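Student: model this:
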Amino acid sequence: MNHLPKGKISKRDFLRLSGRYGMSSVMMASAAGGVLSLPGLASAAESTYERRFAKSARHTLKFGAAGFSANSEGTLVTGGLHFARDLEERTDGEIRIEYIGQNQICGEGSCAEKTQQGIVDVFTASTQNSAAAAPYLNILDYAYMFPSRAAQYHFLYHPDSQKILRDPLRKRHGLQFLFSHCELRGLMMGRAWAKDKPIVTSLGDLAGTKNRVTGTQLGRIAMDLLDLNPVPVAWEETLDGLKQGLIDGAETWASAAAYANMAPVLGQAVDLRLFCGTEATSMNAEVFDSLSGELQDAVMESAYQTQIYVQNAQEAALLNVVGASNPQLPGTIFEQHNVPFVELSKDVLAEAEQRTAPEFNPQPWEKWRERLNNWSGGQDTYTDIHRIAREISSDVLPENVEPRRWWRTT
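Tutor: Residues are numbered from 1 along each chain as shown. Down below sits the predicted model:
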């Protein structure tokens with residue numbers, strides 16, 4: 001996939017600018033400036049570089065951004081570059097971020113572990129992939145715990161997310177959870193589903209298919225219960241698996257498929273909404289603790305402001321860039337590649353929930369639920385998150401969820 005800034009800028013020119021001003025400065029300039037000509041990007045990169053290096057930083061943090069870049073942020077909004085810019089400006093250069101994306105220092109399956117090891121200080125990757133190194137993240141993956149993207153954002157802003165998600169993750173895995181994009185995972189079915197299959201309308205249409213799954217153990221339980229035959233495939237290998245027909249589909253979310261250039265090999269994007277899709281940014285907890293109290297406050301405020309940015313920008317990208325809507329807007333990625341965005345009926349989604357959710361089918365979840373509850377310090381993780389996720393009406397739009405500083409009780 002092309003990860004270069006939008007516009008007529010060659011890879012050679014981009015690398016030349018990076019050699020002069022540094023990759024992070026060019027990435028930040030590109031992300032902030034939108035579509036730029038080469039002279040425009042050069043000017044923006046120069047001013048960004050001069051601002052960033054106007055003084056010596058007290059702390060330089062290495063940010064492993066998996067496969068992301070300034071260009072991909074227009075499709076799957078992780079907020080990493082926004083956070084880096086905001087934190088540098090907020091601390092007046094006391095903290096400098098070296099943003100390293102495009103899988104150059106870590107990938108979806110390795111960023112969490114490398115952050116725990118201290119190889120990188122901050123990382124972005126899906127919580128589902130990160131669950132291999134930080135199993136407590138499985139608490140986000142109970143089937144149908146979140147009825148909507150709005151419910152996901154509501155939970156992340158909720159003060160109780162501190163004691164349910166963030167504190168146990170920090171204590172057990174050494175990760176300070178900062179912010180996340182929010183979608184719900186569906187099935188991105190391969191090209192055969194454009195040629196030979198009608199539009200999916202029932203769970204039976206999907207039963208017996210073989211589908212890629214991430215590192216989440218709870219996600220595998222949900223897929224098994226729907227006869228979706230989960231097959232572990234690394235994110236970086238998923239596109240080839242779909243191309244070669246080694247898997248029928250991939251369990252992921254719409255903007256991930258779009259940013260990873262999967263649309264040309266997809267037949268249908270089925271909005272199953274099975275469990276969380278959360279591309280989250282976290283920090284090594286020891287690194288966070290090494291900062292002064294003032295700088296810690298700045299990190300949290302930048303995380304909060306970035307969460308608001310992601311909440312709004314991602315919803316716009318789903319509609320205007322990805323094509324995750326019906327009808328699809330002209331020129332969106334799914335529309336250009338004739339990938340229908342399949343919204344299942346309320347009855348079908350209710351059937352899937354009845355078959356998979358711990359509320360209705362508790363036995364398959366018992367071992368993991370007990371394990372996660374113990375790791376949380378005795379909380380009933382599923383019941384508590386399920387309750388919070390239903391505090392807001394089902395018709396609230398994600399962009400209208402009220403932001404709150406989750407680490408404050410007042």
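Student: pLDDT weak spots in the stretch 101-250 of the chain?
Tutor: Residue ranges of the stretch 101-250 of the chain with pLDDT under 70: none are present.
Student: and the longest helix for the chain?
Tutor: Using DSSP state H, we find that the single longest helix of the chain is helix 293-317.
Student: that one: which residues count as buried?
Tutor: For helix 293-317, the neighbour count (16 or more other Cβ atoms under 10 Å) marks 295, 298-300, 302-311, 313-315, 317 as buried. All C-beta spots, glycine's among them, are computed from the backbone N, C-alpha and C.
Student: how far off centre is the next helix or strand along the chain from that helix?
Tutor: Downstream of helix 293-317, the first helix or strand assigned by DSSP states H and E is helix 333-336. Here helix 333-336 is found 21 Å from its chain centre; the criterion is Cα atoms, centre = their mean, to the nearest Å.
Student: packing partners of helix 333-336?
Tutor: In terms of contacts (3 or more Cβ pairs under 8 Å, 6 or more residues apart in numbering; DSSP states H and E), helix 333-336 is packed against helix 254-259.
Student: alpha carbons of the helix it packs on, as CSV, please.
Tutor: The C-alpha atoms that make up helix 254-259 are tabulated as CSV, following Å, rounded to 0.1, in the frame of the first residue of the first chain:
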residue,chain,number,x,y,z
ALA,A,254,-14.3,-1.6,7.8
SER,A,255,-11.7,1.2,8.0
ALA,A,256,-8.9,-1.3,8.7
ALA,A,257,-9.8,-3.2,5.5
ALA,A,258,-9.8,0.1,3.6
TYR,A,259,-6.5,1.4,4.9
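Student: other SSEs contacting it?
Tutor: strand 183-184, strand 186-190, strand 266-271, helix 333-336.
Student: got the contact list for the residue positioned nearest the centre of the chain?
Tutor: With distances taken as Cα atoms, centre = their mean, E279 lies nearest the centre of the chain, 1.4 Å away. By Cβ atoms under 8 Å, 6 or more residues apart in numbering, the residues touching E279 are 76, 78, 124-126, 180-181, 256.
Student: circling back to that earlier point, of the helices and strands packed on helix 254-259, which is nearest L344?
Tutor: L344 lies closest, by Cβ to Cβ, to one member of the helices and strands packed on helix 254-259: strand 266-271, at 6.4 Å.
Student: the helix or strand that the closest one is followed by pairs with which strands?
Tutor: Next helix or strand after strand 266-271 toward the C-terminus (DSSP H and E): strand 276-277. Its sheet considered, strand 276-277 pairs with strand 183-184 (antiparallel) by DSSP bridges.
Student: and the strand it pairs with, how far from the chain's centre?
Tutor: When distances are taken as Cα atoms, centre = their mean, strand 183-184 is centred 9 Å away from the chain's centroid.
Student: got the contact list for it?
Tutor: Identification of contacts with strand 183-184 by Cβ under 8 Å, 6+ apart yields 146, 148-149, 152, 253-256, 271-278, 314, 318.
Student: do that again at 10 Å, thanks
Tutor: Outside strand 183-184, the residues that touch it by Cβ atoms under 10 Å, 6 or more residues apart in numbering are 76, 144, 146-149, 151-152, 252-256, 271-279, 314-315, 318, 322, 324, 398.
Student: any idea how this structure splits into domains?
Tutor: For the chain, automatic domain parsing gives the domain ranges 11-183+277-319, 184-276+324-400.
Student: what pairs with V213 across the strands?
Tutor: P232.
Student: tell me the most buried of the helices and strands packed on helix 254-259?
Tutor: Among those, strand 186-190 has the highest mean neighbour count (mean count of other Cβ atoms under 10 Å), at a mean of 27.
Student: what packs against the helix or strand just after that one?
Tutor: Downstream of strand 186-190, the first helix or strand assigned by DSSP H and E is helix 192-195. Counting contacts by 3 or more Cβ pairs under 10 Å, 6 or more residues apart in numbering; DSSP states H and E, helix 192-195 is packed against strand 266-271.
Student: can you list the strands that the strand it packs on pairs with?
Tutor: Going by DSSP bridges, the partners of strand 266-271 are strand 186-190 (antiparallel), strand 341-343 (parallel).
Student: output that strand as PDB, nothing but the C-alphas.
Tutor: Output of strand 266-271 as PDB, limited to C-alpha atoms (Å, rounded to 0.1, in the frame of the first residue of the first chain):
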ATOM      1  CA  LEU A 266     -13.200  -8.000  -1.200                       C
ATOM      2  CA  GLY A 267     -16.600  -9.100  -2.200                       C
ATOM      3  CA  GLN A 268     -18.700  -8.000   0.700                       C
ATOM      4  CA  ALA A 269     -18.000  -6.100   4.000                       C
ATOM      5  CA  VAL A 270     -20.400  -7.700   6.400                       C
ATOM      6  CA  ASP A 271     -21.200  -5.500   9.400                       C
END
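Student: where do the strands of the protein begin and end?
Tutor: 59-64, 95-100, 122-126, 175-180, 183-184, 186-190, 211-213, 230-232, 249-252, 266-271, 276-277, 279-284, 341-343 (DSSP state E).
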